[in-house]
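Enquirer: curious how this folds, go ahead:
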Amino acid sequence: MSQLSHAVSIHPYFKVNEGRLDDFKALMTRFVERTQTEDKCLYYDFSVSGNTVFCREAYIGAEGTIAHLDNVGDLIEEGLEFAELACIEVHGPAEELEKLKTPLAELPVKFYERVTGVS
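Expert: The predicted structure is shown next:
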């Protein structure tokens, strides 16, 4: 089984306060700079639709996911000063999702268990 079969992807949607999108875009640059240092990151990018910002990201296992959240936690807090976390989905294998339930318990997370796919 490949590393991708153990991948965990995170799908956060941020609703940015009126007039603060440029501030959030500046923060995106800092997120990307910091995330580039992570060896378990598979991909990481941002998309924008109106005042909604989506971050498309994936990591090798729960370990990579937790390492990322530890790495950018202060930036998330900064972003939440002018945006709200509208929702967050976490997708991956059941055994990896189980490892994330306690660390992510305080977030509005919906977990999606991987059932099948190309390995």
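Enquirer: am I right that P12 is in a strand?
Expert: Yes - remark: P12 belongs to a strand, assigned using DSSP: H, G, I helix; E, B strand; the rest coil.
Enquirer: low-confidence regions, the protein specifically.
Expert: 1-3, 119 (pLDDT under 70).
Enquirer: burial count for the nearest residue to P93 once chain neighbours are set aside?
Expert: Leaving out its chain neighbours, the residue that sits closest to P93 by Cβ to Cβ, 6 or more residues apart in numbering is R114, at 5.0 Å. Using the backbone N, CA and C atoms, a C-beta is placed for each residue, glycine as well. Using other Cβ atoms under 10 Å, R114 has 16 other residues around it.
Enquirer: and T35, by the same measure?
Expert: T35 has 19 nearby residues by other Cβ under 10 Å.
Enquirer: over to the one 5 residues further on?
Expert: The number of residues packed around K40, counting by other Cβ under 10 Å, is 17.
Enquirer: could you list every residue that touches the closest residue to it other than its chain neighbours?
Expert: The shortest distance from K40 to any non-neighbouring residue, by Cβ to Cβ, 6+ apart, is to G64 (2.9 Å). Contacts here follow Cβ atoms under 8 Å, 6 or more residues apart in numbering; on that basis G64 touches V8, E38, K40, C41.
Enquirer: and G64, how far is that from D23?
Expert: G64 sits 28 Å away from D23, going by Cβ to Cβ, to the nearest Å.
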